[in-house]
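**Student:** The following block contains a protein sequence and its predicted model.
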Amino acid sequence: MRPYILIVDDDTDLLEALELELEDHGYAVKTATNGLEALERVREALPMLIIADLAMPVMNGRKMLQILRRDAEAKAVPVLILSAFGYEWEAELMGAQGYIRKPVSAAQLEREIAQVLTGAPKKAALLN
């Protein structure tokens, strides 16, 4: 069974691009366009990683992460925040394991995923 990653973003073009990129690297991918849909996907099957935007309609990423962190099983799922805004400090306070600034390159995405899933320490900031 391939590792399952959930991507949450209201930009459907970005969702499609990230889904194709990650599937090409061997991951099973599910998507959601807001935090509420993401919570439904998590209830269906627990992902090994969630990549989520913060600014979304219906339920934003902050509220979604707050709810996930209260769930006994879901709170252990690592989360990478994906945002065009400078929320690095907030991502850490919310309990996210990393932050990726949009636009994201395929290489950066793979590097961040690998670091989160393997627990490897972050490389120098120059790699971003």
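**Tutor:** Nice, thanks for sending it over. Residues are numbered from 1 along each chain as shown.

**Student:** what are the pairing partners of whatever helix or strand Ile50 lives in, and which direction each?
**Tutor:** According to DSSP states H and E, Ile50 maps onto strand 49-52. Neighbouring strands of strand 49-52 in its sheet, by DSSP bridges, are strand 4-8 (parallel), strand 79-83 (parallel).

**Student:** So Leu49 versus Leu18, what's the distance?
**Tutor:** For Leu49, the distance to Leu18 equals 12 Å [CB to CB, to the nearest Å]. Placement of C-beta: from N, CA and C, glycine included.

**Student:** ok, and what's touching the strand holding Ile50?
**Tutor:** 3, 5-9, 18, 35, 38, 42, 61, 64-65, 68, 77-82, 100, 113, 116-117 (CB atoms under 8 Å, 6 or more residues apart in numbering).

**Student:** Ala72 - how many residues pack around it?
**Tutor:** Counted by other CB atoms under 10 Å, the residues lying close to Ala72 total 6.

**Student:** I'd like the numbering to begin with 136 instead of 1 from here.
**Tutor:** Renumbered: residue one is now 136, and that last one reads Ala207.

**Student:** And what about it, helix, strand or coil?
**Tutor:** With DSSP: H, G, I helix; E, B strand; the rest coil as the basis, Ala207 sits in coil.

**Student:** Show me where this structure has its helices.
**Tutor:** 147-159, 170-179, 196-203, 223-228, 241-253 (DSSP state H).

**Student:** hey, which of these is tucked in deepest?
**Tutor:** helix 196-203 (a mean of 21; mean count of other CB atoms under 10 Å).

**Student:** CA atoms of that one as CSV?
**Tutor:** C-alpha atoms of helix 196-203 as CSV (Å, rounded to 0.1, in the frame of the first residue of the first chain):
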residue,chain,number,x,y,z
GLY,A,196,-6.5,25.7,8.2
ARG,A,197,-6.1,27.0,11.7
LYS,A,198,-9.5,25.7,12.8
MET,A,199,-8.9,22.4,11.0
LEU,A,200,-5.6,21.9,12.8
GLN,A,201,-7.1,22.9,16.1
ILE,A,202,-9.8,20.2,15.7
LEU,A,203,-7.2,17.6,14.5
